[in-house]
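Enquirer: this one's sequence-less:
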Ligand code: ATP
Ligand code: BTN
């Protein structure tokens, strides 16, 4: 079976954001084209928040053309990171919907940007050998810090592309299987969380991730579905 993800690799020393670069070339390149940069000068997370991207980390974006719109595509990135970390002996979990955490700290994030049915750019930032900025010391971690040794970025990339290719296929052919895995890997289930969705703050227990990708919360006994939001863990009331 021919691999889709990583058919073509574009490697850059420096770029503002691999997502922005990928968006600018998306029309002209084949599906599965990957853009990687050694460092980003304006790496970004959701809602334009800054993503620290110094040299040593894996900052990449892949151009996908599934031909339909489905927000569950974000889980292709998150599950691929979880599997990649497992290849290096690191147990991690998904903080719904787009982060990967290890032992209470964030190691990776996924940022999906799209142009409707035309193409989707899926960016993945994974802290590998890069230093963690002081202000993120409490909340972020790298593979280097966990393993106590530098890992060749290329090895991490190969593993990530391999898993992404497999999950992307499953996303297209059997999204329910994808969601079953997401459910297994989402560590916030059963925990008390606060979700900020637009202007609203919702406090409740995360109960499930539904097949459509939304998060189900138990808010004081009534069930509430959340489509998108910022989740933080809260102590039990
Ligand atoms: P969070 O729970 O961390 O707010 P989020 O997914 O809601 O996650 P995003 O906007 O998606 O937030 O991610 C950007 C945030 O990630 C930044 O505000 C910062 O706190 C954190 N961050 C930035 N760079 C890194 C990095 N290299 N590693 C881990 N965390 C980072
Ligand atoms: C998040 O947690 O909000 C997602 C962070 C995504 C960071 C990656 S790094 C490669 C790609 N380029 C960007 O500017 N962002 C994503």
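Expert: Structure's in. What do you need? Computed from a prediction, not measured in an experiment: that's the story for all the values here. Ligands and ions are numbered 1, 2, ... in the order given.

Enquirer: Quick one: residues contacting residue 13.
Expert: 37, 38, 39 (CB atoms under 8 Å, 6 or more residues apart in numbering). Heads up, the C-betas are built off the backbone N, CA and C, glycines and all.

Enquirer: now those residues in TSV, with pLDDT and neighbour count?
Expert: Output for the contacts of residue 13, formatted as TSV (pLDDT from 0 to 100; neighbours: other CB atoms under 10 Å):
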residue	pLDDT	neighbour count
37	98	24
38	98	16
39	98	16
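
Enquirer: Filter those down to just the ones in strands.
Expert: The strands, defined by DSSP state E, take in 37, 38, 39 from these.

Enquirer: now, which of the residues you listed sits nearest residue 147?
Expert: Using CB to CB, residue 38 comes nearest to residue 147 of these, at 20.6 Å.

Enquirer: That closest one and residue 55 touch, don't they?
Expert: Yes: with contact defined as CB atoms under 8 Å, residue 38 counts as touching residue 55 (5.3 Å).

Enquirer: Which helix runs longest in the chain?
Expert: helix 153-173 (DSSP state H).

Enquirer: Ligand 2 next: which of the ones in strands among the contacts of residue 13 are close?
Expert: By CB under 6 Å from any ligand atom, no member of the ones in strands among the contacts of residue 13 lies near ligand 2.

Enquirer: Do a quick rundown of the helices in this structure.
Expert: 18-25, 74-87, 143-147, 153-173, 175-185.

Enquirer: What's the local residue count around residue 28?
Expert: 8 (other CB atoms under 10 Å).

Enquirer: What score does it have for pLDDT?
Expert: Looking at residue 28, its pLDDT reads 96.

Enquirer: for the residue in the chain that ligand 2 sits nearest to, what are its contacts?
Expert: Nearest to ligand 2 in the chain, going by CB to the nearest ligand atom, is residue 109, at a distance of 2.0 Å. By CB under 8 Å, 6+ apart, residue 109 lies in contact with 45, 51, 98, 99, 100, 124, 125.

Enquirer: Just send those back as JSON lines, with pLDDT too.
Expert: Formatted as JSON lines, the entries for those read as follows, by pLDDT from 0 to 100:
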{"residue": "45", "pLDDT": "97"}
{"residue": "51", "pLDDT": "98"}
{"residue": "98", "pLDDT": "95"}
{"residue": "99", "pLDDT": "97"}
{"residue": "100", "pLDDT": "98"}
{"residue": "124", "pLDDT": "98"}
{"residue": "125", "pLDDT": "98"}
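
Enquirer: who in the protein is up against ligand 2?
Expert: 17-19, 40, 43-46, 51, 53, 59-61, 98-99, 109-111, 123-125.

Enquirer: Which ones among the residues you listed also lie next to ligand 1?
Expert: 45, 46, 51, 98, 99, 109, 125.

Enquirer: In the chain, where is pLDDT below threshold?
Expert: 237 (pLDDT under 70).

Enquirer: Could you report the neighbour count for residue 133?
Expert: Neighbours of residue 133 (other CB under 10 Å): 11.

Enquirer: how near is it to ligand 1?
Expert: 7 Å (CB to the nearest ligand atom, to the nearest Å).

Enquirer: What count of nearby residues applies to the closest residue to that residue other than its chain neighbours?
Expert: Using CB to CB, 6 or more residues apart in numbering and skipping residues adjacent in sequence, the residue nearest residue 133 is residue 52, 5.0 Å away. Per other CB under 10 Å, the neighbour tally for residue 52 reads 17.
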